[in-house]
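**Student:** I would like to see how this sequence folds:
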Amino acid sequence: MAMGLYTALPGMARWDDENRGRLAAMLPLVGLLLGAAWWGVASLAARFLPALLGAVAVALFMPVATGLLHVDGFMD
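**Tutor:** Here you go, the predicted model:
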């Protein structure tokens with residue numbers, strides 16, 4: 001449920017009271033997975049892409065992965 005709430009990926013759990021209670025406990029795991037994926041994109045971009053294209057890929061990964069969730073803060 002946390003993965004579906006904080007990323008662009010669909011959540012695998014149903015929205016019910018039992019699962020809602022575990023949401024906060026899963027947030028560090030979601031952050032760890034997003035950070036690991038971001039690190040992977042950065043590593044692959046540094047190895048296989050020109051510098052400018054790699055920088056664009058790394059900069060765009062997190063907004064795309066989170067469904068533009070945190071970009072809202074820039075617009076406020």
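**Student:** buried sites along stretch 52-63?
**Tutor:** Using 16 or more other Cβ atoms under 10 Å as the test for burial, stretch 52-63 gives 54, 57, 58, 61, 62. All C-beta atoms are positioned from the backbone trio N, CA, C, and that covers glycine.
**Student:** How about stretch 27-42?
**Tutor:** Residues 30, 34, 41 are the ones in stretch 27-42 that count as buried (16+ other Cβ under 10 Å).
**Student:** I'd like to know the average pLDDT value across it.
**Tutor:** Summarised as a single mean, pLDDT over stretch 27-42 is 93.
**Student:** again with stretch 66-76
**Tutor:** Rounded mean pLDDT across stretch 66-76 is 72.
**Student:** Can you list the helices and strands that the lengthiest helix in the chain packs against?
**Tutor:** Longest helix of the chain, by residue count under DSSP state H: helix 23-48. With contacts taken as 3 or more Cβ pairs under 8 Å, 6 or more residues apart in numbering; DSSP states H and E, helix 23-48 sits against helix 2-6, helix 51-65.
**Student:** Arrange those in a markdown table, one row each, with distance to residue 20 as further columns.
**Tutor:** As requested, the helices and strands packed on helix 23-48 are exported to a markdown table (distance: least, Cβ to Cβ, whole Å):
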| stretch | distance to residue 20 |
| --- | --- |
| helix 2-6 | 10 |
| helix 51-65 | 23 |
